[in-house]
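In: attaching a predicted model along with its sequence, questions to come.
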Amino acid sequence: MGVIIVFSEVTTDLDLLKIKNFIKKTNCKVCLVNNGTNKEVQLEINELEHLYNNVLTLNIKKSKNINTVVKLGTRLLNSIFDFSLIVFLDSTDANKLDQLFEKLTNIKTDKEKYTPISTRSKREIFSQVFSIKELYSKII
């Protein structure tokens, strides 16, 4: 399973700590996307990529909308790995990671119950990408 975490200007140190803990205890491939944040957040994200072999980073200099950012993260993850499920979230939703991780493995079999990211593209890879907010609201 792949996880895309989008960092924005409202990212806090607490969010980063929760994300580090999630990366340490899972075998998920994680794409950390810097969506036009400040230099400090960018440095933290790049440091995580160097510390963990299951982390990829994507730096976007000028802030973009969430769908565009998730599509870029999906393309990066799928260029290296093959996933049947990708979940995305904003870094401020990091508190939901721990609660959902155990249940995310069951989602693979019930994907038709959830709505993938909205896109005009007919490409198959985007039909595998889901918002953690939707999953959270339907699972818990």
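Out: Great, that's in hand. None of the values given here were measured: they were computed from a predicted structure. Numbers count the residues shown, from 1 in each chain.
In: residue ranges with poor pLDDT in the chain?
Out: For the chain, residues meeting the criterion pLDDT under 70 lie at 12, 14, 99-127, 130, 132-140.
In: so is N59 in a helix, a strand, or just coil?
Out: Classification of N59 by DSSP: H, G, I helix; E, B strand; the rest coil places it in strand.
In: spell out the secondary structure type for the residue lying closest to it once chain neighbours are set aside.
Out: Using C-beta to C-beta, 6 or more residues apart in numbering and skipping residues adjacent in sequence, the residue nearest N59 is N34, 4.6 Å away. (Glycine included, C-beta is placed from N, CA and C.) Using three-state DSSP, the structure places N34 in strand.
In: what's N34 in contact with, if anything?
Out: F7, V41, Q42, I45, T57, L58, N59, I60 (C-beta atoms under 8 Å, 6 or more residues apart in numbering).
In: now flag whichever of these is closest to L97.
Out: F7 (14.0 Å; C-beta to C-beta).
In: counting neighbours, what do you get for the closest one?
Out: 27 (other C-beta atoms under 10 Å).
In: report the contact partners of it.
Out: L32, V33, N34, N35, T37, V41, I45, S91.
In: name the element F88 belongs to?
Out: F88 belongs to strand 86-90 when elements are defined using DSSP states H and E.
In: quick one: strands adjacent to that strand?
Out: strand 2-7 (parallel), strand 129-131 (parallel) (DSSP bridges).
In: which among those is found nearest to D13?
Out: Closest among these, using C-beta to C-beta: strand 2-7, at 12.2 Å.
In: ok, and what's touching whatever helix or strand comes next after that closest one?
Out: Later in the chain than strand 2-7, the nearest helix or strand by DSSP H and E is helix 13-25. Residues external to helix 13-25 that are found in contact with it (C-beta under 8 Å, 6+ apart): 3, 5, 28, 30, 32, 41, 44, 48, 52, 54-55, 91-92, 94-95, 97-98, 101.
In: which of these are buried?
Out: Among the contacts of helix 13-25, the ones that count as buried by 16 or more other C-beta atoms under 10 Å are 3, 5, 28, 30, 32, 41, 44, 48, 55, 91, 94, 97, 101.
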